[in-house]
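>>> Could you look at this predicted model? Sequence included:
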Amino acid sequence: MEHTRRMNEDRIMVECQHISKVFGERETENRVLNDISISVKENEFVVVFGPGQCGKTTLLNIIAGLETKTTGEIEVDGKIVTAPGPDRGMVYQTTALFPWMTVMGNVEFGLKMAGMKKKERQKRASYYIDLVGLNGYEKSHPSKLSGGMCQRTGIARAYCNNPALILMDEPFGHLDAQTRYLMEEEIERICAKEKKTVIFVTNNVEEAIYLADRIILLTDCPARIKNEYLIDLPRPRNNVSPEFLSLREKITMDIDA
């Protein structure tokens, strides 16, 4: 069944203005980001796409508050970003789960730190564990899970804290091809049900087109915005349709231009 995501056209959730990032000083200076300005609407799924090592992860970490910017300003939900906060949920390249905790323990962790009572937080965590297809694995530890199941746990943890913004940093990059396709379908399904603003980093063009409402293409380092693409294709998307393949060819050509 085809569906579309409904974004709030009038409300900006993320505003990045003239973001630059320089590592080192003088002779060792390494400029990674060069004057990046991005606006993301509420409930929009934006993919930041570009060559490997072009600064995509650095940009995401700055939005998360995990990395300091050199110039510019970022607002999330109307508040200036100066540090990490519960308004932003992060899903990492590697799962970053606590190995000594069960699936339930990992998913409910943020709520526990916020002081939510056990019964309430486990009820909420159970909803998201079920949402990502891990019902029955609540007592399992990460060492007993596959890579895809670990990433599902990380996604459930991010959503469970009810942040205004979900940040995903190449979450499927370490998975085998078949599992990666399955996880892309899962993200599509979850985002259709749980309306959230998402910024997703990848260097896989098919993944970008399959998931995005809008793609922002970055140049090689130091990264600047090279182009933007509004992906007006029905969902769920067919990655062998003529429209999909034509868009893939266009973006691939733009990368090399």
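Cool, the structure landed.
>>> residue boundaries of the helices in the stretch 101-250 of the chain?
103-113, 118-131, 147-160, 177-193, 205-211, 242-256 (DSSP state H, counting those that start in this stretch).
>>> Kindly tell me how buried residue 59 is, as a neighbour count.
29 (other CB atoms under 10 Å). Bear in mind the C-beta positions are built from the backbone N, C-alpha and C, glycine included.
>>> what's the answer for residue 28, then?
7.
>>> how much space is there between it and residue 68?
Distance, residue 28 to residue 68, by CB to CB, to the nearest Å: 17 Å.
>>> repeat for residue 143
Applying CB to CB, the value for residue 143 to residue 68 is 34 Å.
>>> Centre-most residue in this protein?
The residue lying closest to the centre of the chain (CA atoms, centre = their mean) is residue 168, at 2.2 Å.
>>> Verify the contact between residue 140 and residue 103 for me.
Yes - the criterion here is CB atoms under 8 Å, and residue 140 meets it with residue 103 at 5.4 Å.
>>> Comparing these two, which residue is more hemmed in?
Set residue 140 next to residue 103 and count neighbours by other CB under 10 Å: residue 103 wins out with 27 against 15.
>>> Count the residues that sit near residue 157.
28.
>>> Distance check, the residue lying closest to it once chain neighbours are set aside against residue 189.
Nearest-residue entry for residue 157: residue 107, 4.8 Å, with adjacent residues in sequence omitted and distances by CB to CB, 6 or more residues apart in numbering. Look at residue 107 and residue 189: by CB to CB, they are 18 Å apart.
>>> Looking at these two, which is more packed in?
Taking neighbours as other CB under 10 Å, residue 107 and residue 189 compare with residue 107 leading, 32 against 16.
>>> who's in contact with residue 38?
Counting by CB atoms under 8 Å, 6 or more residues apart in numbering, residue 38 touches 14-16, 46, 216, 225.
>>> if we go to 6 Å?
Residue 38 makes contacts with residue 16, as judged by CB atoms under 6 Å, 6 or more residues apart in numbering.
>>> Name the helix or strand for it, please.
Assigned by DSSP states H and E, residue 38 falls within strand 30-42.
>>> What ranges in the stretch 1-150 of the chain fall below the confidence cut-off?
1-9, 27 (pLDDT under 70).
>>> For it, which segments are assigned as strands?
8-23, 30-42, 45-49, 71-76, 79-80, 88-91 (DSSP state E, counting those that start in this stretch).
>>> which of the ones you listed sits most buried?
strand 45-49 (a mean of 25; mean count of other CB atoms under 10 Å).
>>> Show the secondary-structure elements that it is packed against.
The contact analysis (3 or more CB pairs under 6 Å, 6 or more residues apart in numbering; DSSP states H and E) places strand 45-49 against strand 197-202, strand 214-218.
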